[in-house]
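# The sequence and its predicted three-dimensional model are supplied below.
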Amino acid sequence: MNVLVLNASYEPLQQVDLRHAIRMLVRGVAVVEEAEEGRTIGRYPVPRVLRLVRYVAMRWRYGRRPPWSKRGVHLRDRGLCGYCGKRGHTIDHVVPQSRGGADTWENTVLACGRCNNRKGNRTPAEAGLKLRVPPRVPHWDELFGRR
């Protein structure tokens with residue numbers, strides 16, 4: 001279970017696991033903003049959302065683009081196939097890795113099994129597929145916002 005951590009100004013910072021969240025509560029660096037009804041760990045309610053007590057400057061976040069990750073592609077594409085719009089399960093490289101395509105935001109989309117198999121080791125144009133939306137670098141908020 002992941003817990004959303006908000007800055008003191010209520011902007012989303014990151015998601016942490018439940019164990020880390022409880023440690024933050026014990027140390028007194030965060031307070032519970034939203035908790036699961038009727039569930040506790042010791043004297044602490046099981047948190048869904050924590051807010052930091054002190055503001056953390058986030059210049060590091062906005063000074064660079066988010067690092068590429070499979071989970072990030074799933075969040076950016078909202079779980080939908082980049083070709084047909086159905087539920088996507090795999091990461092597809094627009095330019096296949098065998099042809100020099102890299103793990104970058106601009107070269108990866110989420111794909112359903114049918115479209116991924118149809119595309120194979122080809123470009124979308126060669127396979128007769130069209131991207132619904134061109135791949136792009138997501139905003140930080142897309143990656144750390146609540147689901």
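Arrived safely. Numbering: from 1, shown residues only.
# just checking, what packs against the longest helix along the chain?
Here the longest helix in the chain is taken by residue count, with DSSP state H as the criterion, and it is helix 18-27. Contacting helix 18-27 under the criterion 3 or more Cβ pairs under 8 Å, 6 or more residues apart in numbering; DSSP states H and E are the following elements: strand 2-6, strand 30-41, strand 44-52. All C-beta spots, glycine's among them, are computed from the backbone N, C-alpha and C.
# Domain-wise, how is the protein divided?
If the domains of the chain are taken from automatic domain parsing, they occupy 2-61, 70-138, with pieces of a single domain joined by a plus sign.
# Which residue is the nearest non-sequential neighbour of Lys119?
Residue nearest to Lys119 in three dimensions, not counting chain neighbours: Ala127, with 4.4 Å by Cβ to Cβ, 6 or more residues apart in numbering.
# tell me the contacts of that neighbour?
The neighbours of Ala127, taking Cβ atoms under 8 Å, 6 or more residues apart in numbering as the test, are Arg118, Lys119, Gly120.
# quick one: the residue located most distally from the centre of the chain from Gly28, how far?
Within the chain, the residue lying farthest from the chain centre (Cα atoms, centre = their mean) is Arg43, at 30.9 Å. Arg43 sits 13 Å away from Gly28, going by Cβ to Cβ, to the nearest Å.
# before we move on, what about Val46?
Going from Val46 to Gly28 by Cβ to Cβ gives 18 Å.
# Contacts made by the helix or strand where Val109 lies with the rest, please.
With elements taken from DSSP states H and E, the one containing Val109 is strand 108-111. Among residues not part of strand 108-111, those counted as contacts by Cβ under 8 Å, 6+ apart are 68, 73-74, 77, 79-83, 88-94, 119, 131, 135.
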